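>>> Give me the fold of what follows.
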Amino acid sequence: MLTIVNALVYRTEQRKFVPGTVTVEDGWIVKTDSQDERGEVVNAGGQYLVPGLVDAHTHGRISFDFDSATTDQMIQMRKSYAMDGTTTLFPTIASAPFSQILTAIDRVKEAGFEGIHLEGRYLSEKRRGAHATHLLHPLDVEELEILLDRMQPLTVHLTCAPEMDNGEAFVRKAIERGATVSLGHSDAGYDEAIRAFEWGVTATTHTFNALAPIHHRSPGSVTAAFLTDSVYCEIIADGFHLHPAIVSLTYRSKQPDHLVLITDSMSATGCEDGEYSIAGEKVFVRNGKAVNVEGAIAGSTITLYTAVRNLMRFAGISFEQAIPCATILPARMLHIDRKVGSISVGKHADLLLIDPENYEIRGIWQAGERIR
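Prediction:
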């Protein structure tokens, strides 16, 4: 048993820090209102205690990619993410040959992850971004069934371009089977996006990127997402994918409950500049910015905690306002908020200790075990 005392505990419902204690047993939070005299006691010294971060969209790091990594490499990545504060993540599988996707799914399960994000291969060729054209595939309900069977018992998040042929049947089948669906790498217009949201699509993948741009006579899917309160908008707050003013605009449009920070990180994260790959294409990283041979941005090298701090700066908001965008909101989007995303009794004991003066991470617990 572990009790963290003398902490300023983040209360998600109130969006503020309050003095308190947190007691952990067998990896779960069992008390948040009183100290247990048994077991280890850690004095937080008045520092902030916040939930572990949740990344819904990430392709890899430390030179490995979830499309091709071995099970052991995935386990290494999982530990590396946790050391930067991301204690929950959905390994994101980009466009790849069908057999490779199946192998990647098996390895994600073997590595002990609870969820998966399938971003490839049901994407619009026009908005493919860094995904190779020859790896894209039409919306195929029968193939989707095979993938969903293979992904059991993982929690599944799926990106697709729902304006393509068979879009409604594809989306409704995914939802019927328990997946959450995001509109991404899509050329959908405003009306098409609204229809997709009516079918049950609940998010937009890396909003603005690989989507039709906003125009005053052709508002596109981003405007549809902004005007549909129930839709979550992912953003990559690395300073490359979106201008800071667009980050601020998106926050103002979707706050307080539907803005989700993601990394979309690729294998170069945590590594030196150089040549890497993602979604079947070469990627060149210079000064932390990843681009493919055509010059298109190809994933990021950001950590999720850096994205939190960038959001504060770009949108001019407080730490208290930014925290939900990387904790409870992605957890709700993925339907895993009963387990993670806030410091609450009955949830995973994934906790970050933060210095309130400079916002540096001073301690990390994953499932109640201190790892940093």
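>>> The nearest residue to Tyr190 once chain neighbours are set aside: how many residues sit nearby?
What sits nearest to Tyr190 in space, not counting adjacent residues and going by C-beta to C-beta, 6 or more residues apart in numbering, is Pro219, at 4.5 Å. The way it works is simple: take the backbone N, C-alpha and C, and place the C-beta from them, glycine included. Using other C-beta atoms under 10 Å, Pro219 is surrounded by 18 other residues.
>>> just Phe240 next, same as before
That count, for Phe240 with other C-beta under 10 Å as the rule, works out to 17.
>>> so where is the stretch 251-372 of the chain shaky, pLDDT-wise?
Applying pLDDT under 70 to the stretch 251-372 of the chain picks out residues 280.
>>> hey, where'd the strands end up in it?
Using DSSP state E, counting those that start in this stretch, the strands found in the stretch 251-372 of the chain span residues 259-262, 274-278, 281-286, 289-292, 351-354, 361-366, 369-370.
>>> counting contacts, what elements does the last one pack onto?
Contact here means 3 or more C-beta pairs under 8 Å, 6 or more residues apart in numbering; DSSP states H and E; on that basis strand 369-370 packs against no helix or strand.
>>> And for that strand, what's in contact with it?
When contacts are defined by C-beta atoms under 8 Å, 6 or more residues apart in numbering, strand 369-370 is touched by residues Gly27, Gly363, Ile364.
>>> Can you list the strands that that strand pairs with?
strand 361-366 (antiparallel) (DSSP bridges).
>>> sorry, back to before: how near is the residue nearest to Tyr190 to Glu192?
Remark: distance between Pro219 and Glu192 (C-beta to C-beta, to the nearest Å) = 11 Å.
>>> Which segments of this protein make up each domain?
As given by automatic domain parsing, the domain ranges for the chain are 2-50+342-370, 53-333.
>>> deepest of those domains, which one?
By mean neighbour count, with neighbours taken as mean count of other C-beta atoms under 10 Å, domain 53-333 ranks first of these at a mean of 21.
>>> what distance separates that domain from the centre of its chain?
Averaging C-alpha positions (C-alpha atoms, centre = their mean, to the nearest Å) puts domain 53-333 7 Å from its chain's average.
>>> switch to numbering from 4
Will do, 4 is the new start, and the previous item becomes domain 56-336.
>>> Just the endpoints, please. Distance across it?
Distance across domain 56-336, first residue to last, is 14 Å (C-alpha to C-alpha, to the nearest Å).
>>> Setting aside sequence neighbours, what's the nearest residue to the most centrally placed residue in the chain?
What sits nearest the mean C-alpha location of the chain, by C-alpha atoms, centre = their mean, is Ala59, with 2.1 Å. Nearest residue to Ala59, sequence neighbours excluded (C-beta to C-beta, 6+ apart): Pro333, at 4.6 Å.
>>> Could you check how far Gly366 is from Tyr84?
Relative to Tyr84, and taking C-beta to C-beta, Gly366 is found at 16 Å.
>>> what's the answer for Ala213, then?
As judged by C-beta to C-beta, Ala213 and Tyr84 stand 24 Å apart.
>>> What of Val204?
Relative to Tyr84, Val204 is positioned 27 Å away (C-beta to C-beta).
>>> Okay, and the closest residue to Gly203 other than its chain neighbours sits in which element?
In this structure, Gly203 finds its nearest non-sequential neighbour in Ile178, 4.4 Å apart by C-beta to C-beta, 6+ apart. Applying DSSP states H and E as the criterion places Ile178 in helix 170-179.
>>> Thought Glu122 was touching Ala99, still the case?
No. With contact defined as C-beta atoms under 8 Å, Ala99 does not count as touching Glu122 (10.3 Å).
>>> Walking through the protein, point out its helices one by one.
Using DSSP state H, the helices of the chain run over 74-86, 101-113, 144-154, 170-179, 193-202, 223-229, 247-257, 307-318, 322-325, 331-336.
>>> Including distance to Tyr362, could the ones you listed go into CSV?
Shown next, in CSV, are those (distance: least, C-beta to C-beta, whole Å):
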stretch, distance to Tyr362
helix 74-86, 17
helix 101-113, 32
helix 144-154, 36
helix 170-179, 38
helix 193-202, 35
helix 223-229, 29
helix 247-257, 18
helix 307-318, 6
helix 322-325, 6
helix 331-336, 19
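>>> and of the ones you listed, who's closest to Ala352?
Among the helices of the chain, helix 74-86 comes nearest to Ala352, with 12.7 Å by C-beta to C-beta.
>>> Counting by contacts, list what the closest one packs against.
Right, helix 74-86 is packed against strand 63-64, strand 67-68, strand 89-96, helix 101-113, strand 364-369 by 3+ C-beta pairs under 8 Å, 6+ apart.
>>> Kindly recompute the last result at 7 Å.
Contacts defined by 3 or more C-beta pairs under 7 Å, 6 or more residues apart in numbering; DSSP states H and E place helix 74-86 against strand 63-64, helix 101-113, strand 364-369.
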